[in-house]
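> The following comprises the amino acid sequence and a computationally predicted model.
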Amino acid sequence: MNSPTSLAVRPPLRPDAGEVSDLWAYYVHSRDPAARERLLAAYTEFARMLAAKVFARRIFTEMEFDDYFQYARVGLIEAIDRYEPARGIKFETYASSRINGAMLNGIETCSELQQQLHARKRLVSQRVASLAEKAPEQAGAQDVFARLAEIAIGLAVGLALEESGMHMSEDAHYADNSYTAVEMKRLQSRIKVAVRALPPNQRQVITSHYLHHMAFEEVATNMSLTRGRVSQLHKQALAGLRIQLEKSSDMDLRF
């Protein structure tokens, strides 16, 4: 039988099967990081096998096998830290559910993130399309520049609207409570007032799209309008917000 001292100083190589029970006894008693590393090495192939099974049945294809294996290792570490050999349950039996659970949680988180990114990209694309119009064939360089500036300003106003915290509570806290926080609260107040001043249809489009993150198609269905009309109302609303913000502040949103 190996002594605790020898176990503590050994490098984290995979131990022989005969050493595992002694290693568990020592780790449960000492919580020695070196023993923990050796237990991790002892069961890494077991975690890899479970990762391979889940990966083979995958539906979500955005993740590589190494991602599955990494989540499996996280579950393995949690299982090692919580396992109690005295209960008489085989470690592999105990660890399987935790390893599989860690992988499923990781896949779900990654999938949700990808869906959010795709949805965000789609919303931004719709905003750009609603602001962009085909430039006249005879348009000069100055006209093209002015049109691009108008699109950029429209997107900036839309971003300010989305990030201004229309849905945040008034007592929201900021990491920086100095000038930045004061200016953000002022911007929030001006935007809320400006949105309330919009015509009803424009106000509904803005709140649905920016506050509730609804795509134009969904907004159109809810308002019994065509998608093209919603796009038009969106463009008009941003133009109106620009005017309202210019009137209520010293910002120059002209081009």
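Perfect, thanks for sending it. Since we're looking at a predicted model, the values are computed, not measured.

> shaky segments in the stretch 151-255 of the chain?
Judged by pLDDT under 70, the stretch 151-255 of the chain has its weakly predicted residues at 151-185, 187-188, 248-255.

> cutoff 90 now
151-198, 203, 205-219, 221-222, 227-228, 230-232, 234-255 (pLDDT under 90).

> where exactly do the strands run in the protein?
Shown for the chain, no strands are assigned by DSSP state E.

> Do a quick rundown of the helices in it.
4-9, 17-30, 33-56, 65-82, 91-131, 141-163, 179-196, 200-206, 216-223, 227-248 (DSSP state H).

> Next, T226: phi, psi?
Main-chain torsions, T226, degrees, to the nearest 10: phi -80, psi 160.

> what about the closest residue to it other than its chain neighbours, how many neighbours?
Closest residue to T226 in three dimensions, ignoring its sequence neighbours and counting by CB to CB, 6 or more residues apart in numbering: A220, at 6.0 Å. Bear in mind the C-beta positions are built from the backbone N, C-alpha and C, glycine included. If you count neighbours by other CB atoms under 10 Å, A220 ends up with 20.

> again with R38
Using other CB under 10 Å, R38 has 23 neighbouring residues.

> That one and D32: what is the separation?
Noted for R38: a distance of 9 Å to D32, by CB to CB, to the nearest Å.

> One more: H234?
Distance of H234 to D32, computed by CB to CB: 62 Å.

> And for A95?
As for A95, its distance to D32 is 20 Å (criterion: CB to CB).

> Over to W24?
If you measure W24 against D32 using CB to CB, the figure is 12 Å.

> Looking at these two, which one has more neighbours?
Taking W24 and D32 together and counting by other CB under 10 Å, W24 has the greater number of neighbours (19 against 16).

> give the contact list for that one.
L39, Y83, P85, F91 (CB atoms under 8 Å, 6 or more residues apart in numbering).

> Among those, the buried ones, what's the ChimeraX command?
Those of those that meet the burial criterion (16 or more other CB atoms under 10 Å) are gathered into one ChimeraX selection, given here:
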select :39,83,91
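
> and the contacts of W24, which two are the farthest apart?
Every pair in those was compared (CB to CB); the two farthest apart turn out to be L39 and P85, at 11.0 Å.

> for the stretch 1-150 of the chain, what are the low-confidence residue spans?
In the predicted model, the stretch 1-150 of the chain carries pLDDT under 90 at residues 1-22, 57-64, 86, 88, 104-150.
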